[in-house]
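> All I have is the shape, not the residue letters:
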């Protein structure tokens, strides 16, 4: 979320616009977790691992 804040702040966006963008992002994450049926920690861990190039489609995550 800090990355989103910094990116929008650099573009000159107002503070309220930034807060709304982060809230919208969180809503999308929450609905994604509810739809997938996975725990929040497992979902965020998988996203972090994929983002950092550690997780691939053939490597299962066991939590």
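Sure thing, it's come through. This one's a predicted model, so the numbers in the text were calculated from it and none came from an experiment.

> Quick one: the helices in the chain, in order.
2-10, 15-36, 40-51 (DSSP state H).

> ok, so what distance separates the nearest residue to residue 25 once chain neighbours are set aside from residue 50?
Among residues not flanking residue 25 along the chain, residue 4 sits closest, at 6.3 Å (Cβ to Cβ, 6 or more residues apart in numbering). For glycine as for every other residue, the C-beta is placed from the backbone atoms N, C-alpha and C. Using Cβ to Cβ, to the nearest Å, residue 4 is found at 17 Å from residue 50.

> Could you provide the helices of the chain in JSON lines, with additional columns for mean pLDDT and mean neighbour count?
Formatted as JSON lines, the helices of the chain follow (pLDDT from 0 to 100; neighbours: other Cβ atoms under 10 Å):
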{"stretch": "helix 2-10", "mean pLDDT": "89", "mean neighbour count": "11"}
{"stretch": "helix 15-36", "mean pLDDT": "87", "mean neighbour count": "12"}
{"stretch": "helix 40-51", "mean pLDDT": "71", "mean neighbour count": "13"}
